[in-house]
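S.K.: What would the 3D arrangement of this be:
(one chain, ligands or ions: 1)
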Amino acid sequence: MQVPGLARDECKAIEREAVALLAELLQTDTTNPPGNETRAALVLREYFARHGLEAQLIGEFPERQNLIVRLPGTRPGPRLGLLGHLDVVPAEAAEWSVPPFSGAVHDGYVWGRGATDMKNQVAAQAVAFARLARAGARFAGELLFIATADEERGDHCGARWLVTEHPDLVRCDYLVNEGGGTFSVAGGVRLYPLTVGEKAFADFRITVNGRGGHGSVPLHDLNPVERLGRVIAALADHDAAVTVAPYTARYIERLVADPDLRAALTDPQRARAAVRRLHESDPEAAYLIEPLLGVTFSPTIVRGGGEAVNVIPSHAAVDVDCRMLPGQTGDDVRREVAAALAGIPGWEFAWTDLTTGNESPVPTPLSIAVDSAMAELVPGSEVVPLHLCGFTDSRWFREAFPDVVAYGFCPFVAEDAATMGGREHARDERIAVSDVAFQVRFFELLTSALLGGDG
Ligand SMILES: [Zn+2]
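M.R.: Numbers count the residues shown, from 1 in each chain. Reported below is the predicted structural model:
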């Protein structure tokens, strides 16, 4: 493994330092719920203390602390925040080929729950931060390291709490967080999505009422379970109106080789049919593109009768994970639902979670700094701004600090998105050892590109 701009010995030293810290974080079980992120925050505090840096632990609950470290540069300038969450989703040990909290290093990987979401980025940001401190912090402005609790379950005592209760501690001009950095290869070029905004939650429940009765007498359309089946099928079959945001259009232009398919995908009238074709020829690309075209419905929870098989219930319900693009509103979703369920009688709609999408502009000094760091780290690669179909803590920062420019980015170099596909939140989550070092180097290059290198 050779990281551009570094001698072989220095590469090895970075890799050793970052892999050791990552392994220690992975060995610290921060499954949320309950979280217990303080234990991981203490691992980081000790790491920073070894490098002469003082970390502050702060939080709503003793066992769910957040950690903040500041590193002022040698002259005035903007403040760059490096954000990461310490909690992880649960792991079913029986499904894994190594214990999920072992932090094992073998076969060229570091293994464990959180290895790519996102203790890798936390470790890389910490090691880059400590190395910059050891080199004399010869940059303008200030570097801020923020590790938070409670991202995976949503939203209480972590980033949201910090920006609400202690905005002065975490306010920054630029913020880098999770969400982008796995590459796809198109036309021989590595495309790295830089996530500049994210879709909103528009989750809802459809309740279907009917006539209850004895299971021995079929009620057909008055049986709410049968009617709910029609509701679910109709949501699955519905083609929601397509919006092709400029970022999405540019991404499609770069990602899809077939010119006819490319043209159809960027035409709102033809995009749905084109995505179905893409699912056949290149499912990886289809999964990347489809959620970016508008409102999506994923029915996830079905509630029907009670315990008795011979009782037809009087109502049944389905909960739907629904996401909408920045710029879309609840009214857009209501319109899509009404269109999808036209012709099905007797359903009621209720919101279960409704938020707004959010984004930061491009280009900015931060996006230019990402481009320039990537030009050095992975020559010939291309960084492509994109919306994220999921949720991250960037939302809380964008809401609390309207001027902050927040992006999701942490580049993988050894493995592409298709190879890594689906490791997050799944069994055998792991990261190539060399990527741990590449990611440290990225945050060093990014800091000097944005804040300058000599002082
Ligand atoms: Zn995450």
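S.K.: quick one: the helices in the stretch 251-400 of the chain?
M.R.: Here the stretch 251-400 of the chain has its helices, by DSSP state H, counting those that start in this stretch, at 259-265, 271-281, 283-289, 330-340, 365-377, 394-400.
S.K.: In CSV, list these along with mean pLDDT, mean neighbour count and distance to Thr352.
M.R.: In this view, the C-beta of every residue, glycine as well, is placed from N, C-alpha and C. As requested, those are exported to CSV (pLDDT from 0 to 100; neighbours: other C-beta atoms under 10 Å; distance: least, C-beta to C-beta, whole Å):
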stretch, mean pLDDT, mean neighbour count, distance to Thr352
helix 259-265, 96, 17, 31
helix 271-281, 96, 17, 26
helix 283-289, 90, 18, 25
helix 330-340, 98, 17, 12
helix 365-377, 97, 20, 34
helix 394-400, 96, 22, 18
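S.K.: Dump the ones you listed to JSON lines, plus distance to Gly35.
M.R.: Below are the helices of the stretch 251-400 of the chain laid out as JSON lines (distance: least, C-beta to C-beta, whole Å):
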{"stretch": "helix 259-265", "distance to Gly35": "41"}
{"stretch": "helix 271-281", "distance to Gly35": "37"}
{"stretch": "helix 283-289", "distance to Gly35": "30"}
{"stretch": "helix 330-340", "distance to Gly35": "31"}
{"stretch": "helix 365-377", "distance to Gly35": "30"}
{"stretch": "helix 394-400", "distance to Gly35": "17"}
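S.K.: For Arg190, find the nearest of those.
M.R.: helix 365-377 (9.1 Å; C-beta to C-beta).
S.K.: Just the residues contacting the closest one, thanks.
M.R.: For helix 365-377, the external contacting residues (C-beta atoms under 8 Å, 6 or more residues apart in numbering) are 3-5, 78, 80, 174, 176, 192, 194, 196, 381, 383, 385, 405, 407, 409, 411, 413, 438, 441-442, 445-446, 449-450.
S.K.: One more pass at 6 Å, please.
M.R.: 4, 174, 194, 381, 383, 405, 409, 442, 445-446, 449-450 (C-beta atoms under 6 Å, 6 or more residues apart in numbering).
S.K.: In contact with His425, which residues are there?
M.R.: Val89.
S.K.: same thing with the one 10 residues further on?
M.R.: Residues in contact with Asp435, defined by C-beta under 6 Å, 6+ apart, are 412-414.
S.K.: what's the closest non-adjacent residue to the most centrally placed residue in the chain?
M.R.: Nearest residue to the geometric centre of the chain (C-alpha atoms, centre = their mean): Gly179, 3.8 Å. Distances taken as C-beta to C-beta, 6 or more residues apart in numbering place Gly408 nearest to Gly179, at 2.2 Å, with adjacent residues excluded.
S.K.: number of nearby residues for that neighbour?
M.R.: 26 (other C-beta atoms under 10 Å).
S.K.: Okay, and the beta partners of it?
M.R.: Gly408 forms beta bridges with Asn177, Thr195, as assigned by DSSP bridges.
S.K.: May I ask you to confirm that it is in contact with Asn177?
M.R.: Yes - if you go by C-beta atoms under 6 Å, Gly408 and Asn177 touch, sitting 5.2 Å apart.
S.K.: So which residues on the stretch 51-200 of the chain come close to the ion?
M.R.: Within the stretch 51-200 of the chain, the positions lying close to the ion (C-beta under 5 Å from the ion) are 117-118, 178.
S.K.: Show me the one of the helices of the stretch 251-400 of the chain that comes nearest the ion.
M.R.: Judged by C-beta to the ion, the one of those that comes nearest to the ion is helix 394-400, at 10.9 Å.
S.K.: from the chain's centre, how far out does that closest one sit?
M.R.: Centroid displacement of helix 394-400 relative to its chain, using C-alpha atoms, centre = their mean, to the nearest Å, is 14 Å.
S.K.: give me every residue that touches the residue in the stretch 251-400 of the chain that the ion sits nearest to.
M.R.: Proximity of the stretch 251-400 of the chain to the ion (C-beta to the ion) peaks at Thr392, 6.6 Å away. Counting by C-beta under 6 Å, 6+ apart, Thr392 makes contact with 177-179, 408.
S.K.: And for Ala316?
M.R.: Counting by C-beta under 6 Å, 6+ apart, Ala316 makes contact with 208, 224-225, 228, 304.
S.K.: Can you tell me which of the contacts of helix 365-377 is nearest the ion?
M.R.: Phe409 (13.1 Å).
S.K.: Now that closest one: closest residue in space, sequence neighbours ignored.
M.R.: Gly180 (4.5 Å).
S.K.: Repeat that for Glu348.
M.R.: Closest to Glu348 by C-beta to C-beta, 6+ apart is Thr207, at 4.6 Å.
S.K.: What of Ala186?
M.R.: Ala186 sits nearest to Leu255 (C-beta to C-beta, 6+ apart), 4.9 Å away.
S.K.: still on that earlier bit, could I get the contacts of Thr392 as CSV with distance to Val370?
M.R.: Formatted as CSV, the contacts of Thr392 follow (distance: C-beta to C-beta, whole Å):
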residue, distance to Val370
Asn177, 13
Glu178, 14
Gly179, 13
Gly408, 11
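S.K.: from those, which two are the most distant?
M.R.: Of all the pairs that the contacts of Thr392 form, the one spanning the most space (C-beta to C-beta) is Asn177 and Gly179, at 6.3 Å.
S.K.: Spit out the residues that contact these two alike.
M.R.: 392, 408.
S.K.: show me where the stretch 351-455 of the chain has strands.
M.R.: 358-359, 382-388, 405-408, 430-432 (DSSP state E, counting those that start in this stretch).
S.K.: quick one: strands adjacent to the last one?
M.R.: Okay, so that is strand 430-432. In its sheet, and by DSSP bridges, strand 430-432 pairs with strand 109-111 (antiparallel).
S.K.: can you check the longest one too?
M.R.: For strand 382-388, the paired strands and their directions (DSSP bridges) are strand 189-198 (parallel).
S.K.: between the partner strand and helix 365-377, how many degrees?
M.R.: Here the directions of strand 189-198 and helix 365-377 differ by 160 degrees (axes from the mean of the first three to the mean of the last three C-alpha atoms, to 10 degrees).
S.K.: residues in contact with strand 189-198?
M.R.: 179-180, 183-184, 254, 326, 358-360, 362, 370, 381-388, 407-409, 411.
S.K.: Now list the buried members of those.
M.R.: 179-180, 183-184, 254, 358-360, 362, 370, 381, 383-388, 407-409, 411 (16 or more other C-beta atoms under 10 Å).
S.K.: centre of the chain versus the helix or strand containing Ile146, how much separation?
M.R.: Assessed by DSSP states H and E, Ile146 sits inside strand 140-148. From the chain centre to the centre of strand 140-148 is a distance of 20 Å (C-alpha atoms, centre = their mean).
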